[in-house]
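[1] any chance you could fold what I've pasted below:
(one chain, ligands or ions: 2)
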Amino acid sequence: MFEGLIDRFQLIRRKVLGYGRITKSEMEIILKDIRITLLEADVNYKVVKDFINDLGKKCEKLELSKTLKPGDLIIKAVFEELVLLLGKVPQRIEFKKDGYTIISLIGLQGTGKTTTAAKLALKYKKKNPLLVPADIKRPAAFEQLNLLAERVNIPVCPFQGDSAIRTVKKAKELALEQGYGLVIVDTAGRLHIDEELVQELIDINKAVSPDYQLLVADGMSGQDAVNQATAFKEKIDLNGAILTKMDGDAKGGAALSITRAANVPIFYVGTGEDLNGIEEFYPDRMAQRIMGMGDIASLVEKVKIVEDEIGQKKLRKKMMKGELNFEDFLAQLRAVKKLGPLSKLAAMIPGAKESDVDENEMKKIEAIINSMTKKERFNPEIINGSRKRRIAAGSGTQIRDINQLLKQFNYARDLLKKMGKGKMPENFPFKM
Ligand SMILES: Nc1nc2c(ncn2[C@@H]2O[C@H](COP(=O)(O)OP(=O)(O)O)[C@@H](O)[C@H]2O)c(=O)[nH]1
Ligand SMILES: [Mg+2]
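    Ligands and ions are numbered 1, 2, ... in the order given. Sure thing, here's the model as predicted:
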């Protein structure tokens with residue numbers, strides 16, 4: 001992402017930090033370097049002009065400090081101005097607590113709407129999303145959305161004849177009936193913004209009034225993305241943008257221009273064809289990345305995700321060998337809880353249905369395990385009558401709950417062992 005831009009900023013940074021003193025003439029050189037760098041990254045001309053003006057004024061007012069070199073102060077000022085340029089604060093979808101939130105994705109053809117719809121559905125899987133095919137222009141579009149949805153196991157609203165409007169209305173009905181928490185509408189794209197397209201979007205808005213209308217634009221398209229945002233904004237409300245294909249050779253122009261030039265903040269960036277390839281956009285982290293200051297916060301987040309995945313894999317392997325203990329059980333329970341509603345736990349267990357899992361039962365299980373000593377968790381065999389009484393009292397449950405959990409646990413351990421040896425169960429009775 002932004003390789004050229006990052007390289008140039010590295011050079012600028014080094015040059016600035018290398019100056020012993022920074023007089024008016026050095027400052028002019030710095031500003032000129034930054035100006036050229038931004039223009040070469042295809043940042044909107046007017047945006048660059050304002051940026052340089054603001055930065056120049058800010059640097060004039062810098063007060064010399066004993067601890068910081070003037071170069072440091074200037075780098076900090078550039079960084080701060082970049083953060084402002086990128087939108088200052090992160091933009092987030094605010095999901096409704098009750099009912100569903102509708103996000104409509106709009107944009108030209110090939111920008112990544114359908115892919116992004118599936119990515120968002122995966123990202124917010126715990127919101128129980130429904131994907132809505134509202135692209136009626138291309139027959140393959142419905143098919144494409146279905147294929148992507150299948151890959152991530154997300155339901156797609158059935159297409160209603162040849163009508164995008166009826167399809168979105170149907171989706172709204174389904175959302176109410178079946179309790180979907182997030183409705184993602186994949187609208188039709190065009191090569192250009194035309195009357196017909198705009199009318200269709202207006203009709204969709206009338207039919208379902210989306211909570212968010214996000215423009216999906218190709219991050220490599222530079223100022224074109226700004227033009228698209230401006231053109232759409234003349235006709236319909238845009239809450240923000242998603243810039244895709246940032247993994248490619250995007251120069252930075254789109255990201256650095258769109259917020260200020262079109263007044264459309266960036267919500268997400270697409271970072272790959274893979275359906276995990278979407279990231280929330282953080283102006284400060286992006287500015288850090290551009291200035292080569294190390295993208296520390298997102299790195300930390302990434303490391304954590306990878307570590308979690310490795311932990312889960314190890315655990316699964318162990319379980320398949322029949323080496324399950326209550327400590328693992330609890331870890332698994334907590335990991336799944338982080339993923340969202342516990343009904344989804346069933347999805348991880350072959351043969352179980354979602355309806356087999358009861359949220360309250362899960363809370364009870366957690367309470368029981370929490371009341372066990374470490375020794376008991378690792379050696380469930382030692383849990384005798386008096387231990388059961390203590391655990392029941394500690395967790396506010398009955399002896400029979402403990403018995404049931406132990407039975408369940410033994411059953412699961414045997415079953416996993418069998419599965420590990422290649423024997424799949426017919427059914428997994430998860431109910432306690
Ligand atoms: N490398 C990369 N490719 C993407 C990204 N988002 C979408 N694409 C690709 O762009 C192409 C067009 O995407 P599609 O979702 O069909 O665009 P739509 O016409 O707007 O629905 C597909 O080949 C996608 O795989 C991204 O973030 N990175
Ligand atoms: Mg599409």
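[2] for the stretch 1-150 of the chain, which segments count as helices?
    Here the stretch 1-150 of the chain has its helices, by DSSP state H, counting those that start in this stretch, at 3-18, 24-40, 45-60, 70-85, 113-123, 139-152.
[3] could the ones you listed go into a markdown table alongside mean pLDDT?
    Output for the helices of the stretch 1-150 of the chain, formatted as a markdown table (pLDDT from 0 to 100):
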| stretch | mean pLDDT |
| --- | --- |
| helix 3-18 | 89 |
| helix 24-40 | 94 |
| helix 45-60 | 94 |
| helix 70-85 | 87 |
| helix 113-123 | 96 |
| helix 139-152 | 90 |
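[4] closest to ligand 1 out of those helices?
    Nearest to ligand 1, of all those, is helix 113-123, at 3.4 Å by CB to the nearest ligand atom. To be clear about C-beta, it is placed using only N, CA and C from the backbone, and glycine gets the same treatment.
[5] tally up the residues packed near residue 261, please.
    22 (other CB atoms under 10 Å).
[6] ok, it touching residue 46?
    Yes. Residue 261 is within contact range of residue 46, at 6.6 Å (criterion: CB atoms under 8 Å).
[7] near ligand 1, which residues of the stretch 151-300 of the chain?
    Within the stretch 151-300 of the chain, the residues that sit near ligand 1 (CB under 6 Å from any ligand atom) are 189, 216, 244-245, 247-248, 270-273, 277.
[8] nearest spatial neighbour of the residue of the stretch 251-400 of the chain found nearest ligand 2, skipping sequence neighbours?
    Closest to ligand 2 within the stretch 251-400 of the chain is residue 270: 13.2 Å, counting by CB to the ion. Nearest non-adjacent residue to residue 270, counting by CB to CB, 6 or more residues apart in numbering: residue 244, 3.3 Å away.
[9] and the pLDDT at that neighbour?
    Listed pLDDT for residue 244 reads 97.
[10] look at the residue in the stretch 151-300 of the chain that ligand 1 sits nearest to and say how many residues are nearby.
    Nearest residue of the stretch 151-300 of the chain to ligand 1, counting by CB to the nearest ligand atom: residue 270, 2.7 Å away. Per other CB under 10 Å, the neighbour tally for residue 270 reads 24.
[11] ok, which stretches of this protein are strands?
    In the chain, the strands defined using DSSP state E lie at 101-106, 129-134, 182-187, 212-218, 240-244, 266-270, 278-280.
[12] contact partners of the fifth one?
    The list of residues contacting strand 240-244 from outside it, by CB atoms under 8 Å, 6 or more residues apart in numbering, reads 91, 105, 111-112, 115-116, 212, 214-219, 225, 229, 250, 254-255, 258, 264-270, 278, 281.
[13] apply 7 Å and report the result again.
    The contact list for strand 240-244 (CB atoms under 7 Å, 6 or more residues apart in numbering) reads 91, 111-112, 116, 214-219, 225, 229, 254-255, 258, 264-270.
[14] just the first one next, same as before
    Judged by CB under 7 Å, 6+ apart, the contacts made with strand 101-106 from elsewhere in the structure are 93, 95, 113, 116-117, 120, 181-187, 201, 204, 208, 210-216, 232.
[15] who touches the closest residue to residue 264 other than its chain neighbours in this structure?
    Once flanking residues are discounted, residue 264 sits nearest to residue 229: 4.5 Å by CB to CB, 6+ apart. By CB under 7 Å, 6+ apart, the residues touching residue 229 are 215, 217, 238, 241, 258, 262, 264.
[16] what's the burial count for residue 170?
    16.
[17] so it sits right up against residue 161, yeah?
    No. Residue 170 is not in contact with residue 161 according to CB atoms under 7 Å; the separation is 10.2 Å.
[18] what's around the residue lying closest to residue 96 once chain neighbours are set aside, how many residues?
    Among residues not flanking residue 96 along the chain, residue 211 sits closest, at 7.4 Å (CB to CB, 6+ apart). Using other CB under 10 Å, the number of residues around residue 211 comes to 17.
[19] please apply the same query to residue 224.
    15.
[20] for the residue of the stretch 251-400 of the chain closest to ligand 2, give me its contacts.
    Residue 270 makes contacts with 112, 116, 242-246, 277-278, as judged by CB under 7 Å, 6+ apart.
[21] most neighbours out of those residues, which is it?
    In the contacts of residue 270, the most neighbours by other CB under 10 Å go to residue 244, 32 neighbours.
[22] look up the residues forming beta bridges with that residue.
    Residue 244 has these beta-bridge partners by DSSP bridges: residue 218.
[23] quick one: residues contacting residue 382.
    375-376.
[24] okay, it and residue 287: tell me how far apart.
    Distance, residue 382 to residue 287, using CB to CB, to the nearest Å: 56 Å.
[25] try residue 206
    39 Å.
[26] what about these two, which has more around it?
    Higher neighbour count among residue 206 and residue 287: residue 287, with 22 against 9, using other CB under 10 Å.
[27] and the more buried one, what is it in contact with?
    79, 82-83, 86.
[28] farthest pair in these?
    79 and 86 (10.7 Å; CB to CB).
[29] neighbour count winner among these two?
    Between residue 79 and residue 86, residue 86 has the larger neighbour count (other CB under 10 Å), namely 24 against 18.
[30] would you mind measuring from that one to ligand 1?
    Using CB to the nearest ligand atom, to the nearest Å, residue 86 is found at 18 Å from ligand 1.
[31] spatially nearest residue to that residue, not counting backbone neighbours?
    residue 283 is the one closest to residue 86 (CB to CB, 6+ apart), at 3.7 Å.
[32] just the endpoints, please. Distance across stretch 378-390?
    17 Å (CA to CA, to the nearest Å).
[33] tell me the buried residues in that stretch?
    Buried positions in stretch 378-390, judged by neighbour count with 16 or more other CB atoms under 10 Å: 380, 383, 388, 390.
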